[in-house]
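Participant: show me the folded form of this:
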Amino acid sequence: MKQTLAILAICATPVAALAQTEGEFSLPDLPYAADALDPVISAETMGLHHGKHHQSYVTNLNTAIAEGDAPAGTALEDLVANAGTYPDRVRNNAGGHWNHTFFWESMAPADQTGEMSPELTEAIEAAFGSDEEFRTAFQEAGAGQFGSGWVWLIVNDQDELEITSTPNQDNPLMDVAETQGTPLLGNDVWEHAYYLTYNNRRAEYLESWWDVVNWGAVSERYDAALAE
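Facilitator: Numbering: from 1, shown residues only. Prediction:
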């Protein structure tokens, strides 16, 4: 299972997340302007979330590696897949870097989100009954994640769709994940992802978020997961 997930991680991992400059990881540019997802995600939230929070994961990960917590030059997907073998600051910051890069690439301006492929639509209907039932279950899982964390749509080892959640900056590719699988979609339910606009109304944020989900990217991830 672990080896399979590591292979799938290469397909699922955004190229930008793997980029290293002179042996160090770097913050990827957003694939759109900071205000492009407004009003779902404001420019102010995006500036803080990407420029401050994501940058801190990159900086802290580079520091951890420089201080010997993980071998220099280790690919990000390997740090994530083997998170349980490294100190917590590698697990947390490698996860934070991977998760956030995946998150940015999971979204697009509302007029550029595309549509689910017929194959993904069929799979969602088979697993959840309908798109509406899927969205309800995803929102409930996100709202029910205690404290900080993420909610995910994954392909599990049976090639079936499943909704799961992880605490902190964990993700389903990690060897420590309670439910492992290949992520197709993930939403950040840390308060910094939504609090400036939605305050404590996490459920409202989760419902609004569908307006900026990049279904073209999610469909491509689904095809890649099944191909493996």
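
Participant: quick one: mean pLDDT over the biggest helix by length in the chain.
Facilitator: Criterion DSSP state H: the longest helix present in the chain is helix 88-105. Taken as a whole, helix 88-105 carries a mean pLDDT of 98.

Participant: helices or strands next to it in the packing?
Facilitator: Applying 3 or more CB pairs under 8 Å, 6 or more residues apart in numbering; DSSP states H and E, one finds that helix 88-105 makes contact with helix 15-18, helix 55-66, helix 76-81, strand 182-188. All C-beta atoms are positioned from the backbone trio N, CA, C, and that covers glycine.

Participant: per-residue pLDDT, Pro172?
Facilitator: 98.

Participant: sorry, back to before: dump the helices and strands packed on helix 88-105 into CSV; add mean pLDDT, mean neighbour count and distance to Leu161 as well.
Facilitator: Output for the helices and strands packed on helix 88-105, formatted as CSV (pLDDT from 0 to 100; neighbours: other CB atoms under 10 Å; distance: least, CB to CB, whole Å):
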stretch, mean pLDDT, mean neighbour count, distance to Leu161
helix 15-18, 46, 16, 23
helix 55-66, 98, 18, 28
helix 76-81, 98, 23, 21
strand 182-188, 98, 24, 8
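
Participant: re earlier: now the longest helix of the chain: how far from the chain's centre is it?
Facilitator: Remark: helix 88-105 is offset 8 Å from the chain centroid, using CA atoms, centre = their mean, to the nearest Å.

Participant: for it, which positions count as buried?
Facilitator: Going by neighbour count (16 or more other CB atoms under 10 Å), the buried part of helix 88-105 is 89-105.

Participant: moving C-terminal of that helix, what's the next helix or strand?
Facilitator: Next helix or strand after helix 88-105 toward the C-terminus (DSSP states H and E): helix 118-128.

Participant: other SSEs contacting that following helix?
Facilitator: Other helices and strands packing on helix 118-128, by 3+ CB pairs under 8 Å, 6+ apart, are helix 131-144, strand 161-167, helix 215-227.

Participant: now that helix: buried residues?
Facilitator: In helix 118-128, counting by 16+ other CB under 10 Å, buried: Leu120, Ala123, Ile124, Phe128.

Participant: correct me, but Thr121 touches Phe128?
Facilitator: No: the criterion here is CB atoms under 8 Å, and Thr121 misses it with Phe128 at 11.1 Å.

Participant: how does the protein divide up, domain by domain?
Facilitator: Using automatic domain parsing, the domain parsing of the chain gives 2-29+41-109, 111-227.

Participant: rewinding a little: highest mean neighbour count out of the helices and strands packed on helix 118-128?
Facilitator: Highest mean neighbour count of the helices and strands packed on helix 118-128: strand 161-167, a mean of 19 (counted as mean count of other CB atoms under 10 Å).

Participant: average pLDDT across it?
Facilitator: Throughout strand 161-167, pLDDT has a mean value of 98.

Participant: all good on my end, thank you.
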